[in-house]
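> missing the sequence, but the structure's below:
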Ligand SMILES: NC(=O)c1ccc[n+]([C@@H]2O[C@H](COP(=O)([O-])OP(=O)(O)OC[C@H]3O[C@@H](n4cnc5c(N)ncnc54)[C@H](OP(=O)(O)O)[C@@H]3O)[C@@H](O)[C@H]2O)c1
């Protein structure tokens, strides 16, 4: 067992109240808590970057879902990368960089079996929370496997300036899409989709009806829709998809903070005549693609054909604000918190 001076307390975020509609800072509490020393088979990690992700909003509701809800008054969790500062586990040394699931806190004590060693020389550590991590695999598997993307497809992706969306559009371009179209929530993001990520067309969904803007950007229709947003976007895509078109239903962020009944799509009957395939996805089902996905994306990052952005918020004390900001569109690319 290797050890160095380790802290006795650290700060962690608790869910103080279940948000009603949009979360507010009052729903979260930053708490000083004892740091548990690692037992046999365990490691103590000093987190270097925390991930804030849209799915965490669902975990703040007390409902049964594919991940259990956060408990009130207890530390929240989520993706994090950091350095081992004490180890009781064979194969893990002080200084090793690891990816694990005990984010929203400065220090994490966990079974080493629940951590994955990552190479801080291959890529900046935070990339394992984004392009080389869960959002990257979501984009890769959701486009290539779930939507059965084929060379020559015209692809539309919503949430296109975010972590998943920015990668979906670029993977489609690199794999030979005929045309890539994206939507995002500001003029700056829309310009970046075209100038920074090489999309063929992009629009701001806040400028007018999505259907009108999408139809103008895709005069010949779309073959694939990658849905990060749901609602009006999904309805518009169903209208514009070509016969035998395919959609990956990845997220529905437009309704995560809704208190009323969700909007649409009201045109589902079109799915029949057009023989569309709308397929939901969960990234966890696609773990087998991990080695192939990392090799391909790391190669594109290295040769410069893939652009990757992060919005970095500094300080554990700003994690809740970073999370709320991400839901409101404050990020371009992946939102991470640097400790
Ligand atoms: N199924 C899975 O396994 C899986 C895995 C990972 C992620 N996801 C889903 O994928 C989606 C993207 O996740 P991410 O991590 O890449 O987040 P992200 O796109 O980096 O961040 C969220 C973005 O959503 C946009 N947004 C917020 N409210 C919106 C609205 N009403 N209409 C349209 N856009 C809105 C904002 O950008 P704007 O400024 O453009 O509005 C914001 O930046 C989410 O729906 C998430 O739940 C699913």
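Structure's in. What do you need? None of the values given here were measured: they were computed from a predicted structure.

> Quick check: pLDDT value at residue 4.
For residue 4, the model assigns a pLDDT of 53.

> no, scratch that, I was asking about residue 323
The model's pLDDT for residue 323 equals 98.

> before we move on, which element is it in?
helix 319-328 (DSSP states H and E).

> ditto for residue 65
Residue-wise, residue 65 maps onto no helix or strand under DSSP H and E.

> Make residue 1 into 46 and carry on from there
Yes, from this point I'll number from 46; that puts the last item at residue 110.

> Quick check: it touching residue 103?
Yes. Here residue 110 lies in contact with residue 103, judged by CB atoms under 8 Å, at a distance of 5.7 Å. Any C-beta I mention is one placed from the backbone N, CA and C, and that applies to glycine too.

> Between these two, tell me which one has more neighbours.
residue 103 (16 against 10; other CB atoms under 10 Å).

> Name the SS class of that one, please.
Following DSSP: H, G, I helix; E, B strand; the rest coil, the label given to residue 103 is helix.

> Output the contacting helices and strands for the helix or strand residue 316 falls within.
Using DSSP H and E, the element containing residue 316 is helix 315-318. If you count contacts as 3 or more CB pairs under 8 Å, 6 or more residues apart in numbering; DSSP states H and E, helix 315-318 packs onto helix 276-285.

> can the helix it packs on be found next to the ligand?
No. Under the criterion of CB under 6 Å from any ligand atom, the ligand is not reached by helix 276-285; the shortest gap measures 6.7 Å.

> Quickly list what residue 56 is bridged to.
In this entry, residue 56 is beta-bridged to residue 77, by DSSP bridges.

> What's the per-residue pLDDT of it here?
The model's pLDDT for residue 56 equals 98.

> Please apply the same query to residue 382.
98.

> Repeat that for residue 46.
Looking at residue 46, the pLDDT reads 45.

> again, but for residue 167
In this model, residue 167 carries a pLDDT of 87.

> so it makes contact with residue 342?
No. Checked against CB under 8 Å, the pair residue 167 and residue 342 is beyond contact range at 11.4 Å.

> quick one, which of these two is more surrounded?
The residue with more neighbours, out of residue 167 and residue 342, is residue 342; 24 against 13, by other CB under 10 Å.

> which residues does that one contact?
176, 177, 181, 185, 212, 351 (CB atoms under 8 Å, 6 or more residues apart in numbering).

> what's the closest of these to residue 333?
residue 185 (11.9 Å; CB to CB).

> That closest one: how many residues sit nearby?
If we define neighbours as other CB under 10 Å, then residue 185 has 25 of them.
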